[in-house]
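J.: this one's sequence-less:
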């Protein structure tokens, strides 16, 4: 840790990430791409002995969610002039088509097929 705004986190696989709390960035780019704290800032926060909850963005807090959905939503009132519709009629049952068997083999003669005329005249 350099100070309260910057930190360097090195993983066991020797990959180092630089964390900047002032600009909310991490060199792994997960922190700034999703605005959700990745493991590198959390390691810095715990090293500084700060509360992790203080670094959660406002839009992800439960209080924000509660404030957004605390209002009653009025029902949608449809005018009486809309036409009445019925569900679609069921289709009559049809036998499924026979499966496609492919083209006939050129090596098998078709019925009533005669080869070239006999040369025994």
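T.: Now that the structure is in, tell me what you want to look at. Keep in mind it's a predicted model, so treat the numbers as computed, not measured.
J.: So which residues make contact with the lowest-mean-pLDDT helix or strand in the chain?
T.: Of all helical and strand segments in the chain, the minimum by mean pLDDT, DSSP states H and E falls on helix 30-34, at a mean of 78. With contact meaning CB atoms under 8 Å, 6 or more residues apart in numbering, helix 30-34 is reached by 19, 24-26, 36-38, 40-41. Placement of C-beta: from N, CA and C, glycine included.
J.: Neighbour-wise, which one of the residues you listed leads?
T.: Across the contacts of helix 30-34, neighbour numbers were computed from other CB atoms under 10 Å; residue 19 holds the maximum, 26 neighbours.
J.: Next, the contact list for that one, please.
T.: 6-9, 25-27, 31, 40-41, 44.
J.: Out of these, which two sit at the greatest distance?
T.: 8 and 31 (14.3 Å; CB to CB).
J.: So which residue is smack in the middle of this structure?
T.: For the chain, the residue sitting closest to the mean C-alpha position, by CA atoms, centre = their mean, is residue 34 at 14.6 Å.
J.: pLDDT weak spots in this protein?
T.: Within the chain, the stretches with pLDDT under 70 are 1-2, 100-121.
J.: need the strands for it, in chain order.
T.: Assigned by DSSP state E, the strands in the chain fall at 6-10, 16-20, 25-26.
J.: what are the pairing partners of the first one, and which direction each?
T.: In other words, strand 6-10. Strand 6-10 pairs in its sheet with strand 16-20 (antiparallel), by DSSP bridges.
J.: Fine by me, thanks again.
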